[in-house]
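Student: Would you be able to build a 3D model of this:
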Amino acid sequence: MCIEHKKLCKCGRNSASLFFRDEVLPEEVVGMVYCPACSQDVGYDNGTMVRDNGWIIEYDMDVVNFMKQKLPAGEATPDFVFDEGYCTWNGVYPTDRADSVKEREELVQLAKINAKKYIEEFRTWGVKRMERLEREGWRKAYEKR
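Tutor: Residues are numbered from 1 along each chain as shown. Okay, the predicted model is just below:
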């Protein structure tokens, strides 16, 4: 079972929805999340942090190393933890799941007005969306191609 976890950023203005693949790592693995506003003053450390389009996740690497035996063989780096989904955005970016639900709701409204147009739009929605997210610079948008 997968549970959604939300974490407020350091300044408290934004939150990120996090996903923990197979619940291998506990939510305590996240030391801090920084949004684009509060990440500007952070001294970036690639040994504990992952940067994605202005956002930063700071991992507690002691927790990662303690749980390392549950991870596939290999180096347990912040990039590995993020990119392999062991502690990453729940979706492509921090608020992706909630945003995509809103976008789909708009499409459903179109279905009530023009079913043919809805089918056309729905077919291309996902592709166009990922292209937009890739242009915006979200690192997980690149892995979908």
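
Student: Now do stretch 85-93: everything it contacts.
Tutor: Under the contact criterion Cβ atoms under 8 Å, 6 or more residues apart in numbering, stretch 85-93 has outside partners 4-5, 16-22, 24-25, 29-30, 52-53, 55, 57, 59, 71, 80-82, 96-97, 100, 130, 133, 138, 140-141, 144. C-betas here are computed from N, CA, C, even on glycine.

Student: Report the buried residues of it.
Tutor: 85-93 (16 or more other Cβ atoms under 10 Å).

Student: quick one: terminal-to-terminal distance for that stretch?
Tutor: 12 Å (Cα to Cα, to the nearest Å).

Student: go on, stretch 53-71?
Tutor: 26 Å.

Student: List the buried residues in that stretch.
Tutor: Buried, per 16+ other Cβ under 10 Å, within stretch 53-71: 55-61, 63-64, 67, 71.

Student: Next: stretch 111-118.
Tutor: Y118.

Student: Have a look at the chain and report its longest helix.
Tutor: Counting residues, the longest helix found in the chain (DSSP state H) is helix 115-136.

Student: Flag every buried residue along that helix.
Tutor: For helix 115-136, using 16+ other Cβ under 10 Å, the buried residues are 118, 125, 129-130, 133-134.
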